[in-house]
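*Asks:* Provided below are the primary sequence and the corresponding predicted coordinates.
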Amino acid sequence: MTTARPLLPRDARRAQILRAAAATFAIEGYAATSVEDVARAAGITKLIVYRHFESKADLYRSILEETSERLAAEWAGAEERASETGHNTAVETLLRVARDLPDGFRLLFVHAAREADFAQFASDFRVLQLEVADARIGTLMAAGPRRVWLTGMIVDGIVDAVLGWMDVGDPADDDGWVAMASESIRAMIAAAINSPTGGPARRETPTRR
């Protein structure tokens, strides 16, 4: 006897394939992963994968696009949440998406930059992050090398912090960790803008963002 494969709506099947592919790519890497590996992880045939994605490259890029689009959507509504909680917008948003799309998050922020076909995607997304961060820091600190350094330090530091917490942190303690990380970032920004040689636009402690 054979067991019929459950029929899923197209969107649900596509999401299932993306989850399986992200997990497989995150473990094996892009070059070492085949479409057959993805199909096996999803419990389907290779033919079904190709019904949804043209190629392995299309599949990998779709994971990156899904993760980046989810981050953008979360950021769109993050300001209101930040004003209510006092948490740093980027910390809260990145952790929220990392919990929901852990493998896609790692592909976007860790693995894609090492893959020749997707390094530009990762680079473009980092530039977007830097622009958002600089727009906020620019209201507190004058332009110059120190602001450039601080912006990059914050962007990369938050990503690394979220990745590290994903490795060791208890999801039940996420709110407490976000509060702690947000306070650490505010302290770093305050130290930079209040430095006697930092050239701040104005000396004040950053408001809670």
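*Replies:* Done, it's in.
*Asks:* pull the longest helix from this protein.
*Replies:* helix 145-168 (DSSP state H).
*Asks:* quick one: buried residues of it?
*Replies:* 146-147, 150-151, 154-155, 157-159, 161-163, 165-166 (16 or more other C-beta atoms under 10 Å). Placement of C-beta: from N, CA and C, glycine included.
*Asks:* need the residues that contact it.
*Replies:* 88, 90-91, 94-95, 98-99, 102, 105-106, 109-110, 126, 129-130, 133-134, 137-138, 141, 174, 177, 181, 185, 188-189, 192, 195, 198-199 (C-beta atoms under 8 Å, 6 or more residues apart in numbering).
*Asks:* next SSE after it?
*Replies:* Downstream of helix 145-168, the first helix or strand assigned by DSSP states H and E is helix 174-193.
*Asks:* and that next one, what does it pack against?
*Replies:* Here helix 174-193 touches helix 89-100, helix 145-168, going by 3 or more C-beta pairs under 8 Å, 6 or more residues apart in numbering; DSSP states H and E.
*Asks:* could you redo the last one with a cut-off of 10 Å?
*Replies:* The contact analysis (3 or more C-beta pairs under 10 Å, 6 or more residues apart in numbering; DSSP states H and E) places helix 174-193 against helix 78-85, helix 89-100, helix 119-137, helix 145-168.
*Asks:* so can I have JSON lines of those showing distance to Ala20 and mean pLDDT?
*Replies:* What follows is the helices and strands packed on helix 174-193, written out as JSON lines (distance: least, C-beta to C-beta, whole Å; pLDDT from 0 to 100):
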{"stretch": "helix 78-85", "distance to Ala20": "29", "mean pLDDT": "62"}
{"stretch": "helix 89-100", "distance to Ala20": "16", "mean pLDDT": "94"}
{"stretch": "helix 119-137", "distance to Ala20": "21", "mean pLDDT": "94"}
{"stretch": "helix 145-168", "distance to Ala20": "19", "mean pLDDT": "95"}
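*Asks:* run a quick neighbour tally on Ala22.
*Replies:* Neighbourhood size, Ala22 [other C-beta atoms under 10 Å]: 27.
*Asks:* these two touch, right, it and Tyr30?
*Replies:* No: if you go by C-beta atoms under 10 Å, Ala22 and Tyr30 don't touch, sitting 11.4 Å apart.
*Asks:* for the residue most central in space within the chain, list the residues it contacts.
*Replies:* Centroid check for the chain by C-alpha atoms, centre = their mean gives Phe105 as the closest residue, at 4.8 Å. With contact set as C-beta atoms under 10 Å, 6 or more residues apart in numbering, Phe105 has these partners: 22, 26, 63, 67, 70-71, 94-95, 97-99, 159, 162-163, 166.
*Asks:* tell me which element it is part of?
*Replies:* Counting by DSSP H and E, Phe105 is found in helix 102-106.
*Asks:* cool, Tyr50 as well?
*Replies:* According to DSSP H and E, Tyr50 maps onto helix 46-52.
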